[in-house]
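Novice: Compute the structure for the input listed below.
(chains A and B)
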Amino acid sequence: GQNIDQPTEMTATEGAIVQINCTYQTSGFNGLFWYQQHAGEAPTFLSYNVLDGLEEKGRFSSFLSRSKGYSYLLLKELQMKDSASYLCAVDNDKIIFGKGTRLHILP
Amino acid sequence: ETGVTQSPTHLIKTRGQQVTLRCSSQSGHNTVSWYQQALGQGPQFIFQYYREEENGRGNFPPRFSGLQFPNYSSELNVNALELDDSALYLCASTMTAGGGETQYFGPGTRLLVL
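Specialist: Numbers count the residues shown, from 1 in each chain, chains lettered A, B, ... in the order given. Sure thing, here's the model as predicted:
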């Protein structure tokens, strides 16, 4: 079967760092996406990891371990606008999404 | 701006009716995927088209069908609408660049079935 797990909700403070974890078990694997989705809006592409390791893009970084079926999204210097849902999705010729992690940022 | 547009933005239908949703992506985006997203859930894969052929399908019944056209537009058709079909419908187009897949979503069509 296909299974993607991520926490339902997380809370962090403005200016802090937060790590959102994602574990997956899928029948195939080409790569892993992270998306940001604000309420009422479409998902916005953040990253796509194919190889193991950490990829950094400004305040956002994404890590992948294929052998462990594990990824995380790291958000640094949190801003209020980072309050959103973060979706982990596996690419195995079709894109399978997790249910998303709703991130709340406190001032 | 992702360059992916969808129409209409909102739609209200009644049970049993049929609906057609449209998506237009950028030139060169050969792959288009459609998703259904219920409130508070992640998007669920419906199907994917590559160069006008369906090349992947999720767990949706045959009353969900699609088309992709040479001008990089596509359609999602849903027959015999059910109340549970009420959701946000997203299309996403893919352009392979630099060895990675970058998938861009349109703004979505919010469908309400009464």
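
Novice: use CA for all of it now, contacts and neighbours both
Specialist: OK.

Novice: quick one: residue B:90 is in a helix?
Specialist: No. Counting by DSSP: H, G, I helix; E, B strand; the rest coil, residue B:90 is not part of a helix but strand.

Novice: what about it, how many neighbours?
Specialist: 28 (other C-alpha atoms under 10 Å in any protein chain shown).

Novice: which residues touch it?
Specialist: A:42, B:34, B:35, B:36, B:37, B:43, B:105, B:106, B:107, B:108, B:109 (C-alpha atoms under 8 Å, 6 or more residues apart in numbering or on different chains).

Novice: contacting residues for the residue nearest to it when sequence neighbours are not counted?
Specialist: The shortest distance from residue B:90 to any residue other than its chain neighbours is 4.5 Å, reached at residue B:108 (C-alpha to C-alpha, 6 or more residues apart in numbering or on different chains). The contact partners of residue B:108, by C-alpha under 8 Å, 6+ apart, come to A:41, A:42, B:6, B:7, B:9, B:88, B:89, B:90, B:91.

Novice: Now do the same for the residue in chain A positioned nearest to chain B: helix, strand or coil?
Specialist: Of all residues in chain A, residue A:99 sits closest to chain B, at 4.1 Å by C-alpha to the nearest C-alpha. Following three-state DSSP, the label given to residue A:99 is coil.

Novice: Show me what whichever strand or helix holds residue B:35 is packed against.
Specialist: Secondary structure from DSSP states H and E places residue B:35 in strand B:31-37. Identification of packing neighbours for strand B:31-37 by 3 or more C-alpha pairs under 8 Å, 6 or more residues apart in numbering or on different chains; DSSP states H and E yields strand B:44-50, strand B:87-97.

Novice: weakest of these in terms of mean pLDDT?
Specialist: Comparing mean pLDDT over those, the weakest stretch is strand B:87-97, at a mean of 83.

Novice: That strand to strand B:44-50, inter-axis angle?
Specialist: 40 degrees (axes from the mean of the first three to the mean of the last three C-alpha atoms, to 10 degrees).

Novice: low-confidence ranges in chain A?
Specialist: Judged by pLDDT under 70, chain A has its weakly predicted residues at A:1.

Novice: can you give me the strands in it?
Specialist: All strands of chain A, identified by DSSP state E, fall at A:3-5, A:9-13, A:18-25, A:31-37, A:44-49, A:53-57, A:60-65, A:70-75, A:84-91, A:95-97, A:101-106.

Novice: nearest to residue B:17, of those?
Specialist: strand A:95-97 (28.5 Å; C-alpha to C-alpha).

Novice: from the contacts of residue B:90, which is closest to residue A:64?
Specialist: Taking those together and measuring to residue A:64 by C-alpha to C-alpha, the closest member is residue B:43, at 21.4 Å.

Novice: so what's the closest residue to that closest one other than its chain neighbours up against?
Specialist: What sits nearest to residue B:43 in space, not counting adjacent residues and going by C-alpha to C-alpha, 6+ apart, is residue B:37, at 4.3 Å. The contact partners of residue B:37, by C-alpha under 8 Å, 6+ apart, come to B:43, B:44, B:87, B:88, B:89, B:90.
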